[in-house]
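**Student:** Everything below, folded, please.
(chains A and B)
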Amino acid sequence: DAGVTQSPTHLIKTRGQQVTLRCSPKSGHDTVSWYQQALGQGPQFIFQYYEEEERQRGNFPDRFSGHQYPNYSSELNVNALLLGDSALYLCASNPRGRGYEQYFGPGTRLTVT
Amino acid sequence: GNSVTQMEGPVTLSEEAFLTINCTYTATGYPSLFWYVQYPGEGLQLLLKATKADDKGSNKGFEATYRKETTSFHLEKGSVQVSDSAVYFCVISAGGTSYGKLTFGQGTILTVHP
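**Tutor:** Residues are numbered from 1 along each chain as shown, chains lettered A, B, ... in the order given. Purely as a prediction, here's the structure:
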């Protein structure tokens, strides 16, 4: 049973560029959440998707957007990259209604230069 | 808003020592409480959870009790091992419309020496 998978593992971008990160949830899970983890900090909630819609959002600007596909996989898009967007981006999935049971992927390390 | 405050780290212990990592929280509603662990080179893993007052979560020798009166969820282990070296996060999930939105503490780095 595959867990949560994310791609790519690492990514280097330049300020002002756009980036797309991808996530496949654990089998049987239909809800996907995205988190940003800056170095030495705890993860911060970006947003959550289920039924292909954004259901909750944290304190992140509109430059951060997402999408969920019918197969429950998800993308995180960040536009107009800033140096401060450099972080580990984590995807987590859970079964519907069991938000306390989130399984995390290994993350995508994004470096903005 | 919801927030979690963890004991400042890092924490360095000798093998078989007693571990306590303090955690307090503020939240609206009636949150569920968790400890997550991040081992070197690995993803975040749920260590234990408690969903109501006075519940005790336990796993791998670690324990934490949901104390509603003091809004705390301290992590303890009676005898740590080198393999317990990791970063530990205290986490809450508030109820209502925020259900499923996890709020993390800043993390505590634990290093255990032989």
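**Student:** is it true that residue B:77 touches residue B:21?
**Tutor:** No. The pair residue B:77 / residue B:21 is not scored as a contact, 9.2 Å apart, by C-beta atoms under 8 Å. Any C-beta I mention is one placed from the backbone N, CA and C, and that applies to glycine too.
**Student:** These two: which is more packed in?
**Tutor:** Each of residue B:77 and residue B:21 had its neighbours counted (other C-beta atoms under 10 Å in any protein chain shown), and the higher figure belongs to residue B:21 (23 against 20).
**Student:** so what pLDDT did the more buried one get?
**Tutor:** The predicted structure scores residue B:21 at 97 on the pLDDT scale.
**Student:** Then residue A:69?
**Tutor:** 97.
**Student:** in stretch A:25-44, what's buried?
**Tutor:** Residues of stretch A:25-44 classed as buried under the neighbour-count rule (16 or more other C-beta atoms under 10 Å in any protein chain shown) are A:25-26, A:29-37, A:42-44.
**Student:** Provide a list of residues in contact with the residue of chain A found nearest chain B.
**Tutor:** In chain A, the residue found nearest to chain B is residue A:99; the distance is 2.3 Å by C-beta to the nearest C-beta. Residue A:99 makes contact with A:31, A:48, B:93, B:99-102, according to C-beta atoms under 8 Å, 6 or more residues apart in numbering or on different chains.
**Student:** Excluding residues flanking it in the chain, which one is nearest it?
**Tutor:** residue B:100 (2.3 Å; C-beta to C-beta, 6 or more residues apart in numbering or on different chains).
**Student:** wait, doesn't the one you found sit right on residue A:30?
**Tutor:** No. Residue B:100 sits out of contact with residue A:30 when judged by C-beta under 8 Å, with a separation of 11.8 Å.
**Student:** shaky segments in chain B?
**Tutor:** Low-confidence segments of chain B, defined by pLDDT under 70: B:95-99.
**Student:** Pull the distance from stretch B:54-61 to the chain's centre.
**Tutor:** Taking the mean of its C-alpha atoms, stretch B:54-61 sits 11 Å from the chain's own mean (C-alpha atoms, centre = their mean, to the nearest Å).
**Student:** how about stretch B:24-43: buried residues?
**Tutor:** Residues of stretch B:24-43 classed as buried under the neighbour-count rule (16+ other C-beta under 10 Å) are B:24-25, B:27, B:31-38, B:43.
**Student:** Can you report how many residues lie near residue B:3?
**Tutor:** Burial measure for residue B:3: 12 neighbouring residues, criterion other C-beta under 10 Å.
**Student:** Now do the closest residue to it other than its chain neighbours against residue A:15, distance only.
**Tutor:** On the basis of C-beta to C-beta, 6+ apart, the spatially nearest residue to residue B:3 that is not a chain neighbour turns out to be residue B:26, at 5.1 Å. Spatial separation of residue B:26 from residue A:15 under the definition C-beta to C-beta, to the nearest Å is 36 Å.
**Student:** For whichever residue of chain B sits closest to chain A, list the residues it contacts.
**Tutor:** Among all residues of chain B, residue B:100 sits closest to chain A, at 2.3 Å; criterion: C-beta to the nearest C-beta. Residues in contact with residue B:100, defined by C-beta under 8 Å, 6+ apart, are A:31, A:33, A:48, A:56, A:94, A:99-100, A:102, B:93.
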